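>>> Here is a sequence together with a model predicted from it:
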Amino acid sequence: QQRSREALAYAKKKQKANKEKRRLQREEMKRKCSNDDNDDDDDISSSSKQYKDFEEQMKQESAFDQREFKALKAKHKKEVQEKQKLVNEIEDEIEYLKKLRK
């Protein structure tokens, strides 16, 4: 369970780091496209399409990170529920044995 929690914490940190990385990449791409637009008016549609393609890629990466984290979180929750069920069964068995002893 501890490993599962650690994996969950690591995945969340990784997700945040990737989000920051994408933010920086977006800023860089905006600057690049902005500079390209200022250099040549004929190239505006090209850099605009390039930025849209880039933005779509960033959205897909973000969605992937979110799905990956949600899957890991669901797995962790399932493991916790399974372990809680085992604990409950053991506690019930202990109570049963206590009653038998009396």
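All right, it came through fine.

>>> can we go C-alpha only for contacts and neighbour counts from here?
Fine.

>>> and the longest helix for this structure?
Ranked by residue count, the top helix of the chain under DSSP state H comes out as helix 44-101.

>>> Show me what it packs onto, helices and strands only.
helix 2-39 (3 or more Cα pairs under 8 Å, 6 or more residues apart in numbering; DSSP states H and E).

>>> Just give me how far the helix it packs on sits from the chain centre.
Centroid separation between helix 2-39 and its chain, computed with Cα atoms, centre = their mean, to the nearest Å, is 12 Å.

>>> I'd like the average pLDDT over that helix.
Taken as a whole, helix 2-39 carries a mean pLDDT of 85.

>>> between that helix and helix 44-101, how big is the angle?
Per axes from the mean of the first three to the mean of the last three Cα atoms, to 10 degrees, the angle that helix 2-39 makes with helix 44-101 is 170 degrees.

>>> Could you list the buried residues of helix 2-39?
4, 7-8, 11-12, 15, 19, 22, 26, 29, 33, 36-37 (16 or more other Cα atoms under 10 Å).

>>> Quick one: those as TSV, columns for distance to Glu93 too.
Shown next, in TSV, are the buried residues of helix 2-39 (distance: Cα to Cα, whole Å):
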residue	distance to Glu93
Ser4	27
Ala7	32
Leu8	32
Ala11	37
Lys12	38
Gln15	42
Lys19	48
Arg22	52
Arg26	58
Met29	62
Cys33	68
Asp36	73
Asp37	73
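
>>> which one of those residues sits closest to Gln60?
When the buried residues of helix 2-39 are ranked by distance to Gln60 (Cα to Cα), Arg22 comes first, at 11.1 Å.
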